[in-house]
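**Student:** Quick one: sequence plus predicted model below, questions after.
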Amino acid sequence: MDAKALWQRYQEWLYYHEGLGLYLDISRMRFDNAFVESLQSKFDKAFADMDALEKGAIANPDENRMVGHYWLRNPDLAPSPELKQEIVQTLEQIEAFADQVHTGAVHPPKESRFTDIISIGIGGSALGPQFVAEALAPDFPPLNIHFIDNTDPAGIDRVLSSIGDKLATTLVLVISKSGGTPEPRNGMIEVKKAYAAKNLDFAKYAVAITSTDSNLDKVAQSEGWLTTVPMYDWVGGRTSEMSSVGLLPAALQGIDIRAMLDGAKEMDDATRVANIKNNPAALLALSWYFSGNGKGEKDMVVLPYKDSLLLFSRYLQQLVMESLGKEQDLDGKTVYQGIAVYGNKGSTDQHAYVQQLREGVPNFFATLIEVLEDRQGASPEIDPGVTSGDYLSGFLLGTRQALYENNRDSITVTIPQVNARTVGALIALYERAVGFYASLVNINAYHQPGVEAGKKAAAAILDLQQKVIKVLQTEKKALSISEIADKAGAAEQVEAIYKILRHLHANNRGVVLTGDLSKPGNLTVSLD
Ligand SMILES: O=P(O)(O)OC[C@H]1O[C@](O)(CO)[C@@H](O)[C@@H]1O
């Protein structure tokens, strides 16, 4: 297509949302009108599915749950007055609590103010809060946030040592919808021990964000934590940024959560329009379908050209991959669906992997996120009449063009600036696009059976560890790994047993491996 035709195509497909100042450009995706027409009936169904979901249909059949994250930003849409009231009350509770912390009405036992937050959570209970903190927290927030989003002991140590003596003024948020996920539970127990080691009463520093009656809720109640903020079963983890999961940490950091909700609501209104061309989420879903042939054949590379949006690709990775990565469709047919998502930020990545994007295997489409405002205030000139922001903009445009010239497609999302409204809108845009795409390919976007399988396998390994230790304690002599496996009644798990023992040995946990470490089958194992 020549430059004139491309300019025409750009204008023909450009979506602009006036209220948000947001543009979506899918002109560099090479679909034609016949393709769009071929998807019309699938989109009719997707619009109808979404309408039913918003009215409270059981959109997650496996878990028999409603899917209601859209009600969080417009409680009037909640399917019952009780739900509406719950949403409104929780929001008020969040704002009141944040206010009490900021004014010092809620304060640590021996100090007048909380200064820091440790947020403990994983997956949807971490990625949204992390993304929003990076994108929106002011340079000098009322409370500095630190995240424990793993069960990595060294990672936990790192957070605790960076806090140091400020533990006495650190508020702890334990965020887990289910209240039973092992990683946040481990983080909570370790952090609790850190408080105890400094003679601090953990309960006076702790807040739970969890579903009513979860294990975490029960712990918080029985120990008398500062407060518990509810999380609802009709909000999925990966769409929970605008529930208590995301809003409480944001409010505590001084982020305007009402503006986030407003931006999301405005985007929700825009993505409710049952017309592909006038609906930005539909345009995204259409583009994804086109690129990957409705089978995820191409990866989504997300490149925000703005440092504060660095974590957007990680956030989207969960939203897209946990939602769309499914073995079976809604009819039980094996389909192996999904779209792989990765990315960091531009122009930094141009000096890393963009070489492969431009010239290597063409198995992706790019999503470039552009922010029109370079910074608050004027920019100094780098060269006469040229600023750093001009360079950043130039690199974005150049990458888009260079990719296109080599038959690599791209989408560009443009926002006027990174603020609470635009971030809320971006989150809502992608939530809806994922919902539409799931309808187009006929899958349940709201469950995650594959993750459950991994959790069960991990629990089985920990059980095996107990059995192995018991064998060594009972036998009281050196044994080979296969003897241990036989005596534990787990001969087929011999390799896992070797790895468990090697890990215990490496951490001085009383297990000694003797022999040639390159020949695991010849090792003997004893307790020291
Ligand atoms: O908030 P929870 O219940 O601890 O779950 C954390 C994450 O774990 C998952 O359930 C997957 O294991 C995610 O979907 C979720 O965001």
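**Tutor:** Looks like it came in fine. Given the structure is predicted, the values throughout are model-derived calculations rather than measurements.

**Student:** Enumerate every residue touching the residue in the stretch 151-300 of the chain positioned nearest to the ligand.
**Tutor:** At 2.4 Å from the ligand, Gly237 is the closest residue in the stretch 151-300 of the chain, using Cβ to the nearest ligand atom. C-beta: built from backbone N, CA, C; applies to glycine. Contacts here follow Cβ atoms under 8 Å, 6 or more residues apart in numbering; on that basis Gly237 touches 123-125, 177, 245.

**Student:** let's go with 7 Å and repeat that
**Tutor:** 123-125, 177 (Cβ atoms under 7 Å, 6 or more residues apart in numbering).

**Student:** Which of these fall within helices?
**Tutor:** Among those, no member falls in helices (criterion: DSSP state H).

**Student:** who wins for most neighbours among those residues?
**Tutor:** Neighbour tally across those (other Cβ atoms under 10 Å): the maximum, 28 neighbours, falls on Ser125.

**Student:** how much space is there between that one and the ligand?
**Tutor:** Distance of Ser125 to the ligand, computed by Cβ to the nearest ligand atom, to the nearest Å: 4 Å.

**Student:** wait, isn't that residue in contact with Gly246?
**Tutor:** No - the criterion here is Cβ atoms under 7 Å, and Ser125 misses it with Gly246 at 9.2 Å.

**Student:** what number of residues lie near the closest residue to the ligand within the stretch 351-500 of the chain?
**Tutor:** Nearest residue of the stretch 351-500 of the chain to the ligand (Cβ to the nearest ligand atom) works out as Val451 at 3.8 Å. Using other Cβ under 10 Å, the number of residues around Val451 comes to 13.

**Student:** Excluding chain neighbours, what is closest to it?
**Tutor:** Closest residue to Val451 apart from its sequence neighbours, by Cβ to Cβ, 6 or more residues apart in numbering: Glu322 at 7.0 Å.

**Student:** confidence score at the one you found?
**Tutor:** Looking at Glu322, its pLDDT is 98.

**Student:** measure it to Leu20 for me?
**Tutor:** Here Glu322 is placed at a distance of 26 Å from Leu20 (Cβ to Cβ, to the nearest Å).

**Student:** Any figure for the gap between the residue of the stretch 251-400 of the chain found nearest the ligand and Ser222?
**Tutor:** Of the stretch 251-400 of the chain, the residue with the smallest distance to the ligand, taken as Cβ to the nearest ligand atom, is Glu322 at 5.7 Å. For Glu322, the distance to Ser222 equals 32 Å [Cβ to Cβ].

**Student:** In contact with His17, which residues are there?
**Tutor:** By Cβ under 7 Å, 6+ apart, the contact set of His17 is 270, 280.

**Student:** Repeat the analysis, applying 8 Å as the threshold.
**Tutor:** His17 neighbours (Cβ under 8 Å, 6+ apart): 23, 266-267, 270, 280, 425.

**Student:** and the stretch 101-250 of the chain, which of its residues are near the ligand?
**Tutor:** 122-125, 176-178, 181, 184, 237-238 (Cβ under 6 Å from any ligand atom).

**Student:** Ok, the chain next?
**Tutor:** Close to the ligand, as judged by Cβ under 6 Å from any ligand atom, the chain has residues 122-125, 176-178, 181, 184, 237-238, 322, 448, 451.

**Student:** Take these and keep only those in strands.
**Tutor:** The strands, defined by DSSP state E, take in Ser176 from those.

**Student:** can you give me the strands in the stretch 401-528 of the chain?
**Tutor:** With strands called from DSSP state E, counting those that start in this stretch, the stretch 401-528 of the chain shows them at 410-415, 479-480, 511-514, 524-527.

**Student:** Show me what the shortest one is packed against.
**Tutor:** Secondary structure elements in contact with strand 479-480, counted by 3 or more Cβ pairs under 8 Å, 6 or more residues apart in numbering; DSSP states H and E, are strand 524-527.

**Student:** other SSEs contacting the strand it packs on?
**Tutor:** Using 3+ Cβ pairs under 8 Å, 6+ apart, strand 524-527 sits against helix 449-475, strand 479-480, strand 511-514.

**Student:** buried ones in that strand?
**Tutor:** For strand 524-527, a neighbour-count test (16 or more other Cβ atoms under 10 Å) marks Val525 as buried.

**Student:** Tell me if I'm right that the residue nearest to Val451 and Thr239 touch.
**Tutor:** No - Glu322 is not in contact with Thr239 according to Cβ atoms under 8 Å; the separation is 10.1 Å.

**Student:** more crowded one of those two?
**Tutor:** More neighbours surround Thr239 than the other of Glu322 and Thr239, with 28 against 22 (other Cβ under 10 Å).

**Student:** measure the more buried one to Thr334 for me?
**Tutor:** 26 Å.

**Student:** Next one: His505 from Val468, what distance?
**Tutor:** From His505 over to Val468 the distance is 12 Å, taken as Cβ to Cβ.

**Student:** So if I had to pick from these two, which one is more boxed in?
**Tutor:** Val468 (25 against 18).

**Student:** Kindly state the pLDDT recorded for the more buried one?
**Tutor:** pLDDT, Val468: 97.

**Student:** same question, the one 5 residues further on
**Tutor:** With respect to pLDDT, Gln473 has a value of 97.

**Student:** got the contact list for it?
**Tutor:** If you count contacts by Cβ under 8 Å, 6+ apart, Gln473 has them with Leu527.

**Student:** cutoff 10 Å now
**Tutor:** 510, 527 (Cβ atoms under 10 Å, 6 or more residues apart in numbering).

**Student:** Same check on Ala496?
**Tutor:** Per Cβ under 10 Å, 6+ apart, neighbours of Ala496: 457, 460-461, 464-465, 468, 485, 490.

**Student:** how does it look with 8 Å?
**Tutor:** By Cβ under 8 Å, 6+ apart, the contact set of Ala496 is 461, 464.

**Student:** Equivalent analysis for Ile120, please.
**Tutor:** Taking Cβ under 8 Å, 6+ apart, we find Ile120 in contact with 147-149, 172-175, 184, 187-188, 191.

**Student:** what sits opposite it in the beta ladder?
**Tutor:** Ile148, Val174 (DSSP bridges).

**Student:** Just give me the neighbour total for the nearest residue to Pro362 once chain neighbours are set aside.
**Tutor:** Once flanking residues are discounted, Pro362 sits nearest to Arg408: 5.9 Å by Cβ to Cβ, 6+ apart. When neighbours are counted by other Cβ under 10 Å, Arg408 registers 22.
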